[in-house]
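Participant: Give me a 3D structure for the following:
(one chain, ligands or ions: 1)
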Amino acid sequence: YTWPNPQLDELESLLFDQQGYNERGILVGALNPCDRFNFGDTVNRSNVADWIRTAYHDMATHNAEDGTGGLDASIQFEQDRPENAGNGFFNALRHLQLGISRYVGVADFIALGAKTAFEQCDGPTIPFRGGRVDATEAGPPGVPQPQESLDSHISSFARQGFNQTEMITLVACGHSFGGVQHSAFPDTVPLPADVDDVSQTFDSTPFNFDNNVALEYVHGTTNNPLVVGHNDTTNSDKRIFGSDGNATISGFAADSDSFRTACQSLFARMLDTVPSTVQLTEVIEPLPVKPQDIALLYMGDGTLRLSGQVRFWNVAESNAPSVKLIWADREGKTDSSYTGVLGHNDQMVASVLYNGNVSALWYNIGPLSTNFTVVNETVGISKFWFEVSGGDSSIKTEHQNGVGFPIQDTVMLANSSCTAPAPDGLSSIAHIQIAVRADAHPSRVWLEYDLFNGDAGSGATWITVNTTDAQLATNQTQADSIYELWSVDLPSSALASSNTRKVNIAAEIGSLKITTTSFSTSTLAHC
Ligand code: HEM
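Facilitator: Residues are numbered from 1 along each chain as shown. Take a look at the predicted model:
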């Protein structure tokens, strides 16, 4: 895709800013190491297994015929159903919900969680699409349960869109992780003496993807509680694996590569099973050159400060290039003076598990001593690009296939913005000043910020975007012939349940809506 695209940029970052500098720790951080479990010390439980099971149970109510249900976060409202026994969903959701924003909801986070868990813990790479839509209420029930007959499982998977071989495969792929917990299934897993609870695992390597679930089943060494459980009624894995005379599962036991490939494609299908009204995005690949948090700041002295960061994908620190920024002015013209340096040091390195271990380098716009580049406000800026000088003294221009990286200089934060204590002495008020090009004549200028909403009963969460309108400032002393100032006060209470405490500026000019990247009010100067 072409930068910028706020939804795809956010998904790309969640997928590929995994570890190291600028990491988005929410996914990989909770899966490292793979036996990590955030909630209590029950032996054999893990976030990895909870996250994968959550994605399956959310998807499993899909109806392929009428196109309803699928991976839509309706699991948030369905946790008290017998088919969703155990606290794994609650555990998974209360972590994954923390990352949501106006661009990426709970359903996308459930899918991201399962994908990342699978890959981080030795599974193959799953292509990822975003754009799932969160359900606002429970859907019809229909997750398969262990006491049901083979026929009912076959028809349940058919309803979900999977044939019998795919059913065997998907169950084996999922049950490469985790196990059955006594407290959730007391009739299936007995409680040994002297422990409060226990989880009996599906194979001997419950925290990592491998074909042991098939191998141990075929060798007769399995301890899978849904195969060798003392109550044959709940031995659903035994009935499912054996339903084609063990042909599929024996193939997986004999050939771990075929198991990997089969799980890779079925996991992708599982995560992409959504209501037919939902249109998923393209498969998101890492951008080779990705600007982030690019912002202009109006200084009121004839200059604008350009700041932000740029990530260069799949470059090792030992080959760190030197990078030059070049830009075009408001009219699209460039000049030999429209150039700046990018700052980098050996700490600004990230690592990503993506078809192997990839490293990415981050650079700041401007030298590290200031982290900004000065733009003359009279000529402004409309797009930028990079000249990358490799160790072999070759120079490569990175300009998004000639498009450049666009930036608007119509609306931006002014550096006269500041925060002051509120009259209650406890909270604060941000006095936000916004610079708007005097020739733009916006019909409306406002602030936007994401607010968390939660339903205490179900534990469901969602984001709403709150807005506060700005007015043309009565005091224009900081303004000049090119920019006028708008102002708005934002009490910190307005951001009370904002997940990021970040705010962006928006303006409506004709039928066009322009937005800036977001900033944190906590970084503003004190008045
Ligand atoms: C007929 C179909 C299935 C049945 C009857 C079934 C049944 C079960 C049961 C009873 C548990 C124990 C849950 C607990 O103790 O909290 C479990 C765990 C699990 N299932 Fe399934 N399952 C099925 C299909 C799947 C599929 C298709 C996947 C994923 C692709 C999957 C992934 C998991 C995972 C990862 C766990 C471990 C959870 C943990 O350790 O916390 N299952 N399953």
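Participant: only C-alpha atoms for contact and neighbour calcs from this point on.
Facilitator: Noted.
Participant: give me the number of residues near residue 111?
Facilitator: Residues lying near residue 111 (other Cα atoms under 10 Å) number 31.
Participant: got any ranges where the chain has weak pLDDT?
Facilitator: In the predicted model of the chain, residues 499-500 satisfy pLDDT under 70.
Participant: Return the residues of it in contact with the ligand.
Facilitator: Residues of the chain lying close to the ligand (Cα under 6 Å from any ligand atom) are 45, 49-50, 52-53, 56, 86, 88, 144-146, 153, 170-171, 173-175, 177-181, 184, 236.
Participant: Would you mind splitting the chain into its domains for me?
Facilitator: Listed domain ranges for the chain are 33-271, 289-406, 411-526 (source: automatic domain parsing).
Participant: Surely residue 166 and residue 267 touch.
Facilitator: No - Residue 166 is beyond contact range of residue 267, at 10.6 Å (criterion: Cα atoms under 8 Å).
Participant: how far away is residue 372 from residue 406?
Facilitator: Going from residue 372 to residue 406 by Cα to Cα, to the nearest Å gives 17 Å.
Participant: Correction: the previous question concerned residue 146.
Facilitator: Distance, residue 146 to residue 406, by Cα to Cα: 55 Å.
Participant: neighbour count winner among those two?
Facilitator: Neighbours per residue (other Cα under 10 Å) separate residue 146 from residue 406, with residue 146 holding more: 18 against 15.
Participant: How about the contacts made by the more buried one?
Facilitator: Residue 146 sits next to 226, 233, 234, 235, 236, 237 when contact means Cα atoms under 8 Å, 6 or more residues apart in numbering.
Participant: out of these, which is most surrounded?
Facilitator: Of these, with other Cα under 10 Å as the count, residue 226 tops at 27 neighbours.
Participant: For residue 303, name its beta-bridge partners.
Facilitator: Beta bridges link residue 303 to residue 376, judged by DSSP bridges.
Participant: Please, where are all the helices along the stretch 251-400 of the chain?
Facilitator: Counting by DSSP state H, counting those that start in this stretch, the stretch 251-400 of the chain has helices at residues 256-271.
Participant: got the contact list for the residue in it positioned nearest to the ligand?
Facilitator: Residue nearest to the ligand within the stretch 251-400 of the chain: residue 267 (6.9 Å; Cα to the nearest ligand atom). Contacts for residue 267 were tallied using Cα under 8 Å, 6+ apart; they are 126, 170.
Participant: Check the spacing between residue 78 and the ligand real quick.
Facilitator: Residue 78 sits 15 Å away from the ligand, going by Cα to the nearest ligand atom, to the nearest Å.
Participant: Any figure for the gap between the residue lying closest to that residue once chain neighbours are set aside and residue 65?
Facilitator: Residue nearest to residue 78 in three dimensions, not counting chain neighbours: residue 138, with 5.8 Å by Cα to Cα, 6 or more residues apart in numbering. Distance, residue 138 to residue 65, by Cα to Cα: 19 Å.
Participant: okay, those two: which has more neighbours?
Facilitator: residue 138 (15 against 11).
Participant: Pretty sure that one sits against residue 80.
Facilitator: No - between residue 138 and residue 80 there is no contact under Cα under 8 Å: 10.8 Å.
Participant: Hmm, residue 237 is touching residue 226, no?
Facilitator: Yes - with contact defined as Cα under 8 Å, residue 237 reaches residue 226; the gap is 5.2 Å.
Participant: Just confirm residue 420 is within a strand.
Facilitator: Yes - under DSSP: H, G, I helix; E, B strand; the rest coil, residue 420 sits within a strand.
Participant: To what extent is it buried, counted in neighbours?
Facilitator: Using other Cα under 10 Å, the number of residues around residue 420 comes to 16.
Participant: can you pull the contacts of it?
Facilitator: Contacts of residue 420 (Cα under 8 Å, 6+ apart): 428, 429, 430, 431, 526, 527.
Participant: One more pass at 10 Å, please.
Facilitator: Residues near residue 420 by Cα atoms under 10 Å, 6 or more residues apart in numbering: 427, 428, 429, 430, 431, 491, 524, 525, 526, 527.
Participant: among those, who's most crowded?
Facilitator: Going by other Cα under 10 Å, residue 430 tops the contacts of residue 420 with 22 neighbours.
Participant: In which helix or strand does it reside?
Facilitator: Using DSSP states H and E, residue 430 falls within strand 428-437.
Participant: Show me what that strand pairs with in its sheet, parallel or antiparallel.
Facilitator: Applying DSSP bridges to the sheet, strand 428-437 is found paired with strand 411-414 (antiparallel), strand 418-421 (antiparallel), strand 483-491 (antiparallel).
Participant: any idea which of those strands is most buried?
Facilitator: Counting by mean count of other Cα atoms under 10 Å, strand 411-414 has the highest mean neighbour count of the strands paired with strand 428-437, with a mean of 25.
Participant: and for it, what are the contacting residues?
Facilitator: For strand 411-414, the external contacting residues (Cα under 10 Å, 6+ apart) are 295-300, 304, 432-438, 440, 442, 445, 478-479, 483-487, 504-507, 514-519.
Participant: hmm, 6 Å instead?
Facilitator: Strand 411-414 is contacted by residues 297, 298, 433, 434, 435, 436 when judged by Cα atoms under 6 Å, 6 or more residues apart in numbering.
Participant: list the contacts for the last one?
Facilitator: Residues near residue 436 by Cα under 6 Å, 6+ apart: 410, 411, 483, 484.
Participant: which one is it nearest to, not counting chain neighbours?
Facilitator: residue 411 (4.6 Å).
Participant: How about the third one?
Facilitator: Of all residues beyond its chain neighbours, the one nearest residue 433 is residue 487 (4.5 Å), with distances taken as Cα to Cα, 6+ apart.
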